[in-house]
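K.L.:
here's a sequence, model it:
(one chain, ligands or ions: 1)
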Amino acid sequence: MAEATVTMEVGSDGVALITISNPPVNALALPILAGLKEKFAEAMRRDDVKAIVLTGKNGRFCGGFDINVFQKVHRTGDISHLPDVSVELVTNTLEDAKKPIVAAVQGLALGGGLEVAMACHGRIAAPGTQLGLPELSLGIMPGFGGTQRLPRLLGLPKAIDIMLSSKPILSEEGKKLGLIDAIVPPQDLLKVSRQWALDIAEARKPWVRSLHRTDKIGSLSEAREIIKNARQSAKRTAPNMPQHQACLDVIEEGIVRGGYAGVLKEVKVFNELVLSDTAKGLVHIFFAQRAISKVPKVTDIGLKPRAVKKVAVIGGGLMGSGIATALILGNINVVLKEVNSEYLQKGIKTIAEKLTVITLCSLANVRGLVARKRLAQAQADKALSMIKGVLDYSEFRDVDMVIEAVIENVPLKQKIFSEIEKVCPPHCILATNTSTIDLNLVGEKTKSQDRVIGAHFFSPAHIMPLLEIVRTEKTSAQVILDLMTVGKIIKKSPVVVGNCTGFAVNRTFFPYTQGAYVLLHLGVDIFRIDRLISSFGLPMGPFQLQDLAGYGVAVAVGKEFATAFPDRTFGSPIVDLMIKSGRNGKNNGKGYYIYEKGSKPKPDPQVFPIIEEAKRLVNIMPGGKLLVL
Ligand SMILES: C[C@H](O)CC(=O)SCCNC(=O)CCNC(=O)[C@H](O)C(C)(C)COP(=O)(O)OP(=O)(O)OC[C@H]1O[C@@H](n2cnc3c(N)ncnc32)[C@H](O)[C@@H]1OP(=O)(O)O
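P.N.:
Model (predicted):
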């Protein structure tokens with residue numbers, strides 16, 4: 001592992017260049033923070049230093065405080081692992097320095113990295129640099145003064161938006177908003193920054209301390225109104241995330257009692273948030289998301305991913321259309337195969353609708369609905385030109401991958417696999433989107449077992465980030481790597497798992513659903529179950545989710561499980577009875593809930609007699625009273 005260092009070089013111009021080096025993202029690890037303290041102290045002491053430029057090595061300014069330290073705090077419960085950076089280093093040493101400091105920012109300045117840059121007296125950036133405070137996505141909030149300095153540099157609405165969304169902006173936007181003083185080509189970054197620092201030292205440019213600024217804050221009543229609206233919006237969009245409200249409280253403290261009081265409160269609340277369960281969970285997810293791209297004997301054996309330029313998707317239903325949309329959005333050409341032209345048209349129409357909605361959302365910043373719609377239509381049409389609908393296999397001769405997305409039916413999948421093996425080129429990856437069926441069964445009738453792999457997407461497939469990649473003992477490392485790479489290109493989180501009925505997700509999910517059925521049969525109100533699960537933090541409860549997925553999936557998956565794990569299966573007739581009574585969930589607007597366009601799903605009391613019938617058929621409490629939980 002490369003060493004974490006901070007270096008300082010003093011030029012003949014009297015500018016000290018302090019460089020952070022901690023590959024790959026120059027995170028502010030503890031030795032880096034100690035190094036910064038030491039080098040800044042030296043620069044302040046030395047008479048030959050007039051001004052300072054702070055930068056990061058290898059084209060990246062800084063990816064923020066070292067997240068590994070949070071893990072250490074979580075493991076030990078000992079908050080003293082967190083150093084006093086916000087007041088001692090960022091405010092006293094940098095912002096209140098006796099010599100001007102300019103941040104030369106390139107690549108990225110995120111979290112603590114941007115916070116350090118904001119405490120400097122000038123910020124010069126290379127084009128396309130990412131600037132953001134993503135701390136809330138880790139369950140914490142900015143802790144090096146970001147909650148105070150960002151609003152003072154950008155104004156409250158934009159600063160709140162950046163913090164609460166955790167999304168970075170580019171330096172070009174940063175320049176327009178006032179976060180960046182100048183954008184210069186990377187090769188001029190240090191030269192311009194040095195001159196800028198000297199200009200401040202020699203009073204040719206203003207010496208600005210961000211925390212002391214008030215010009216962008218507006219009146220107290222305006223600020224309060226903005227914060228109030230942000231609070232309400234966060235309550236709706238992030239109801240189970242305490243860090244959103246906490247961050248707004250700290251911002252408000254700074255508005256009401258001044259930036260320095262805000263910095264002090266930020267430190268206190270930051271330390272509380274670091275220990276929260278939310279932070280523990282989200283920091284775990286940060287590392288887990290990175291760990292998934294390291295698969296032993298796949299990503300560590302020197303293989304290079306092959307280009308996947310054209311993918312055939314078999315089946316244009318709910319899953320197939322979503323998968324095709326995701327591929328097109330990732331700039332991958334798609335051949336969509338259906339059994340007849342009616343289904344094919346329907347599939348392509350669904351894809352067109354999805355593309356229009358997505359492009360419309362991505363154009364939210366374009367002014368005027370008409371202009372937005374026109375642009376969205378043009379972009380969606382362009383994307384649609386990457387798809388070719390077919391009814392036979394003639395287009396399959398040059399595809400790099402096939403993703404079969406038909407119904408969960410073993411003989412049908414086996415037939416398709418033996419057909420595609422014959423028509424596709426020998427390098428072609430043969431993937432199935434099955435959610436449950438053992439892949440050895442799916443590929444049983446092919447000779448190309450090394451090319452057979454599971455690509456289990458989650459509905460809606462163009463939106464949900466998880467891609468469960470299922471490998472059998474015979475799937476080749478190259479094929480796994482290729483699918484992982486496609487997954488990343490189409491912005492999924494590909495997780496490689498082993499092969500068994502249900503794989504990892506449904507193997508876990510099935511007992512969860514079974515638990516919900518058992519409670520239903522014990523007499524617990526299903527809408528109460530859903531409410532409890534939502535308030536626990538999941539997007540929806542098990543019954544609403546079943547409505548969303550459609551009952552066909554539940555029936556098919558249930559059968560597979562019952563066959564594979566008969567002793568772990570509780571046979572509830574509820575889904576069959578729902579289907580018998582003409583319900584199919586969201587698909588036909590009638591499930592456990594009623595679905596009407598433009599309104600939220602409403603619990604349907606008419607399902608109670610169906611539930612009673614299910615309970616009567618499987619009487620798990622003969623003669624007993626209903627359990628009140
Ligand atoms: C007090 C302060 O307010 C608190 C903070 O600053 S908290 C930190 C705030 N910063 C962040 O949240 C940024 C987190 N990092 C990222 O979003 C992305 O890593 C990135 C955009 C910087 C780079 O993305 P990318 O190039 O795709 O590389 P990615 O694979 O994510 O990361 C490369 C490596 O750097 C590590 N890394 C990235 N940021 C890190 C950080 N802040 N601390 C420690 N390690 C970090 C990753 O764990 C990964 O390690 P690995 O190779 O051992 O798995």
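K.L.:
state whether residue 253 is indeed within a helix.
P.N.:
Yes: the assignment for residue 253 is a helix, going by DSSP: H, G, I helix; E, B strand; the rest coil.
K.L.:
can you tell me which residues in the protein are near the ligand?
P.N.:
Proximity of the chain to the ligand, by CB under 6 Å from any ligand atom, involves residues 24-25, 27, 63-68, 108, 110-112, 115, 134-135, 138, 142-144, 146, 290. Every residue, glycine included, has its C-beta placed from N, CA and C.
K.L.:
phi and psi next, for the closest residue to the ligand within the chain.
P.N.:
Among the residues of the chain, residue 111 lies closest to the ligand, at 2.4 Å counting by CB to the nearest ligand atom. Main-chain torsions, residue 111, degrees, to the nearest 10: phi 50, psi -130.
K.L.:
check the secondary structure at residue 403 for me.
P.N.:
Classified using three-state DSSP, residue 403 is strand.
K.L.:
surely it meets residue 310?
P.N.:
No: assessed by CB atoms under 8 Å, residue 403 is found out of contact with residue 310, at 11.8 Å.
K.L.:
quick one, which of the two is more surrounded?
P.N.:
In this view residue 403 and residue 310 are compared by other CB atoms under 10 Å, and residue 403 has more residues nearby, 28 against 19.
K.L.:
bridged to that one, which residues?
P.N.:
Beta-bridge pairing of residue 403 under DSSP bridges involves residue 313, residue 431.
K.L.:
could you measure from it over to residue 424?
P.N.:
12 Å (CB to CB, to the nearest Å).
K.L.:
give me the common contacts of the two.
P.N.:
Jointly contacting residue 403 and residue 424 under the rule CB atoms under 8 Å, 6 or more residues apart in numbering are residue 312.
K.L.:
low pLDDT regions in the stretch 51-200 of the chain?
P.N.:
Across the stretch 51-200 of the chain, nothing is flagged by pLDDT under 70.
K.L.:
do the stretch 301-450 of the chain as well
P.N.:
Low-confidence segments of the stretch 301-450 of the chain, defined by pLDDT under 70: 365-366.
K.L.:
domain parsing of this protein, as residue ranges.
P.N.:
Taking automatic domain parsing as the domain assignment, the ranges for the chain are 5-282, 310-498, 505-624.
K.L.:
mind listing the helices in the stretch 301-450 of the chain by residue range?
P.N.:
Here the stretch 301-450 of the chain has its helices, by DSSP state H, counting those that start in this stretch, at 318-329, 341-362, 369-384, 410-423, 439-442.
K.L.:
who's in contact with residue 396?
P.N.:
312, 335, 337, 402, 420, 423-424, 428.
K.L.:
of the residues of the chain next to the ligand, which belong to strands?
P.N.:
Taking DSSP state E, the ones among the residues of the chain next to the ligand that sit in strands are 108, 110.
K.L.:
the residues of the chain next to the ligand in helices, which ones?
P.N.:
Here DSSP state H is the test, and the residues of the chain next to the ligand give 67-68, 112, 115, 146, 290 as lying in helices.
K.L.:
okay if I get those residues as a markdown table plus neighbour count and distance to residue 469?
P.N.:
Shown next, in a markdown table, are those (neighbours: other CB atoms under 10 Å; distance: CB to CB, whole Å):
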| residue | neighbour count | distance to residue 469 |
| --- | --- | --- |
| 67 | 17 | 26 |
| 68 | 13 | 27 |
| 112 | 27 | 34 |
| 115 | 30 | 37 |
| 146 | 31 | 37 |
| 290 | 9 | 16 |
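K.L.:
going by distance to residue 501, which of those residues wins?
P.N.:
residue 290 (29.2 Å; CB to CB).
K.L.:
is it true that residue 468 lies in a strand?
P.N.:
Yes: applying three-state DSSP, one finds residue 468 inside a strand.
K.L.:
what strand or helix carries the spatially closest residue to it that is not a sequence neighbour?
P.N.:
Spatial nearest neighbour of residue 468, chain neighbours left out: residue 456 (3.9 Å); criterion: CB to CB, 6 or more residues apart in numbering. Counting by DSSP states H and E, the element that carries residue 456 is strand 452-457.
K.L.:
next, the angle from that strand to strand 466-470.
P.N.:
Put simply, strand 452-457 runs at 160 degrees to strand 466-470, going by axes from the mean of the first three to the mean of the last three CA atoms, to 10 degrees.
K.L.:
same question for strand 452-457, mean pLDDT?
P.N.:
Strand 452-457 carries an average pLDDT of 98.
K.L.:
what about the strands in the stretch 201-350 of the chain?
P.N.:
310-314, 333-337 (DSSP state E, counting those that start in this stretch).
K.L.:
who are the contact partners of the nearest residue to residue 107 once chain neighbours are set aside?
P.N.:
Once flanking residues are discounted, residue 107 sits nearest to residue 60: 3.7 Å by CB to CB, 6+ apart. By CB under 8 Å, 6+ apart, residue 60 lies in contact with 24-26, 106-108.
K.L.:
same question for residue 151.
P.N.:
159-160, 216-217, 251, 254-255.
K.L.:
next one: residue 331
P.N.:
386, 489.
K.L.:
any idea how far residue 616 is from it?
P.N.:
From residue 331 to residue 616 the distance is 55 Å (CB to CB).
K.L.:
for the strands of the stretch 201-350 of the chain, which one ends up most surrounded?
P.N.:
strand 310-314 (a mean of 25; mean count of other CB atoms under 10 Å).
K.L.:
against which helices or strands is the strand holding residue 456 packed?
P.N.:
helix 318-329, strand 429-432, helix 439-442, strand 466-470, helix 477-489 (3 or more CB pairs under 8 Å, 6 or more residues apart in numbering; DSSP states H and E).
K.L.:
just the buried subset of the residues of the chain next to the ligand, please.
P.N.:
Listed as buried from those are 25, 27, 63-67, 108, 110-112, 115, 134-135, 138, 142-144, 146; burial here means 16 or more other CB atoms under 10 Å.
K.L.:
for the stretch 151-300 of the chain, what spans make up the helices?
P.N.:
Assigned by DSSP H, counting those that start in this stretch, the stretch 151-300 of the chain shows helices spanning 156-165, 171-177, 189-201, 220-237, 242-257, 259-274, 277-291.
K.L.:
state the pair within the contacts of residue 396 that is farthest apart.
P.N.:
Distance extremes for the contacts of residue 396: the farthest pair is 337 and 428 at 13.9 Å, using CB to CB.
K.L.:
find the centremost residue of this structure, please.
P.N.:
residue 465 (7.1 Å; CA atoms, centre = their mean).
K.L.:
how close does that residue sit to residue 508?
P.N.:
Taken as CB to CB, the span from residue 465 to residue 508 is 17 Å.
K.L.:
same question for residue 334.
P.N.:
For residue 334, the distance to residue 508 - CB to CB - is 31 Å.
K.L.:
again, but for residue 207
P.N.:
Taking CB to CB, one finds residue 207 at 58 Å from residue 508.
K.L.:
bridged to the residue lying closest to residue 465 once chain neighbours are set aside, which residues?
P.N.:
Nearest residue to residue 465, sequence neighbours excluded (CB to CB, 6+ apart): residue 493, at 4.9 Å. Going by DSSP bridges, residue 493 is paired in beta bridges with residue 466.
K.L.:
now do the contacts for residue 493.
P.N.:
Contacts of residue 493 by CB under 8 Å, 6+ apart are 289, 292, 465-467, 487.
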